[in-house]
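J.: need a structure here:
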Amino acid sequence: MLEKIIDIVKRAGEIVLSAEDVRAHTHTKTSAADLVTDYDVQVEAFLHRELLLLLPEAVFYGEEEAEREDPTEGWAFIVDPIDGTTNFVRGIGHSNISVALARDGEVQYGVVYNPYRSELFTGSRGRGAFLNGAPIHVSDLPLSEGICIMGTAIYRREFIGPSMAMAEALFRRSCDLRRFAAAALDLCYVACGRAEVFFEYSLCPWDHAAGGLILTEAGGKICTFEGDQPPLSSRCSVWASNAVNADVMGEVLP
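T.: Modelled structure (predicted):
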């Protein structure tokens with residue numbers, strides 16, 4: 001199953017890499033910060049078709065879907081066709097396709113693919129996490145020697161204050177801070193030891209479902225700010241870290 005999902009995701013990546021004049025194909029959704037491109041829609045349509053051919057009994061829970069079925073019962077594909085859309089529009093080259101396959105509310109497979117760097121992060125429940133086929137594991141660095149990645153919850157401006165307060169608290173205790181603007185890759189960067197901590201106040205299931213499994217299979221931890229497992233059917237806060245820094249969240253929350 002994983003290999004078949006990977007093949008579909010890589011083919012979707014070809015659509016991303018072939019994109020031309022992206023700004024001319026860009027539209028706003030809820031605000032100037034909430035963008036969608038014709039390529040997001042095209043990639044999601046491709047994934048919808050190909051993934052359901054692979055597993056017809058599954059539901060499809062995608063970012064651009066107007067109506068979404070419950071992803072917590074039976075098999076469900078949870079999909080972000082282009083995570084990091086603003087990066088995509090601006091030509092930054094740091095975006096990904098994220099596909100998770102869950103069963104009864106528990107993610108079984110995760111694939112996060114950055115076609116710009118040909119980096120494929122994968123995970124299967126109980127079978128480990130990988131980058132381009134090589135096993136990956138979180139680092140063992142404490143926060144004092146670590147890198148923090150933050151998300152800014154751009155669609156929920158009420159979180160600007162607490163996001164910046166938490167970022168400052170982490171920045172003061174760590175080596176440095178990053179903001180890459182593609183949550184699935186942020187989780188994978190913690191999974192492979194490129195960073196030690198990631199947080200964001202408001203993420204959707206397609207932002208964290210695949211990356212969250214990859215992170216846990218790599219020995220990391222992921223939870224909401226309340227300490228719960230991130231839900232697969234609603235927005236939530238996310239704290240992700242290596243095992244060493246799992247308890248830091250309680251010390252830096254505003």
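
J.: okay, CA-based contacts and neighbour counts for the rest of this
T.: Fine.

J.: need the pLDDT of the spatially closest residue to Asn96 that is not a sequence neighbour.
T.: Among residues not flanking Asn96 along the chain, Asn114 sits closest, at 4.4 Å (CA to CA, 6 or more residues apart in numbering). Predicted confidence (pLDDT) for Asn114: 98.

J.: quick check on Val16: phi, psi?
T.: When read as degrees, to the nearest 10, the backbone of Val16 gives phi -60, psi -50.

J.: for the residue nearest to Asn96, what are its contacts?
T.: Contacts here follow CA atoms under 8 Å, 6 or more residues apart in numbering; on that basis Asn114 touches Gly13, His94, Ser95, Asn96, Ile97, Leu120, Leu185.

J.: for the second one, give me the backbone phi and psi.
T.: Looking back up the chat, that one is His94. According to degrees, to the nearest 10, His94 has phi -130, psi 80.

J.: helix or strand: which one has the residue nearest to it when sequence neighbours are not counted?
T.: Setting aside the residues directly before and after it, His94 is nearest to Asn87 in space (CA to CA, 6+ apart), at 6.0 Å. In the assignment (DSSP states H and E), Asn87 maps to helix 85-90.

J.: same thing with Ala210?
T.: helix 205-217.

J.: now swap in Glu200 and tell me
T.: Counting by DSSP H and E, Glu200 is part of strand 197-203.

J.: and that strand, what does it pack against?
T.: strand 147-150, helix 183-191, strand 236-241 (3 or more CA pairs under 8 Å, 6 or more residues apart in numbering; DSSP states H and E).

J.: want to throw those into a markdown table with mean neighbour count and distance to Arg49?
T.: Shown next, in a markdown table, are the helices and strands packed on strand 197-203 (neighbours: other CA atoms under 10 Å; distance: least, CA to CA, whole Å):
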| stretch | mean neighbour count | distance to Arg49 |
| --- | --- | --- |
| strand 147-150 | 24 | 33 |
| helix 183-191 | 29 | 22 |
| strand 236-241 | 25 | 28 |
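
J.: which one of the ones you listed lies nearest to Tyr201?
T.: Tyr201 lies closest to strand 236-241 among the helices and strands packed on strand 197-203, at 4.3 Å (CA to CA).

J.: send the alpha carbons of that closest one over as CSV?
T.: Output in CSV follows, covering the C-alpha atoms of strand 236-241 (Å, rounded to 0.1, in the frame of the first residue of the first chain):
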residue,chain,number,x,y,z
CYS,A,236,-6.1,22.1,16.8
SER,A,237,-2.9,23.4,18.3
VAL,A,238,0.2,21.2,17.7
TRP,A,239,3.4,20.7,19.8
ALA,A,240,6.0,18.4,18.2
SER,A,241,9.4,17.6,19.5
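
J.: and the next helix or strand after that strand, how far from the chain's centre?
T.: Using DSSP H and E, the helix or strand that follows strand 236-241 towards the C-terminus is helix 249-252. How far helix 249-252 lies from its chain's middle: 22 Å, per CA atoms, centre = their mean, to the nearest Å.

J.: for stretch 129-138, same thing?
T.: Counting by CA atoms, centre = their mean, stretch 129-138 comes out at 16 Å from the chain centroid.

J.: so which residues make contact with that stretch?
T.: By CA under 8 Å, 6+ apart, stretch 129-138 touches 119-123, 128, 190-193, 196, 214-215, 217-220, 242-243.

J.: filter those down to the buried ones.
T.: Neighbour-count burial (16 or more other CA atoms under 10 Å) applied to the contacts of stretch 129-138 gives 120-123, 128, 190-193, 196, 214-215, 217-220, 242-243.

J.: mean confidence for the helix or strand that contains Leu53?
T.: Secondary structure from DSSP H and E places Leu53 in helix 38-54. Helix 38-54 carries an average pLDDT of 96.

J.: name the helices or strands packed onto it?
T.: Against helix 38-54 (3+ CA pairs under 8 Å, 6+ apart) you get helix 2-17, strand 59-62, strand 75-83.

J.: could you give the angle of that helix to helix 2-17?
T.: 160 degrees (axes from the mean of the first three to the mean of the last three CA atoms, to 10 degrees).
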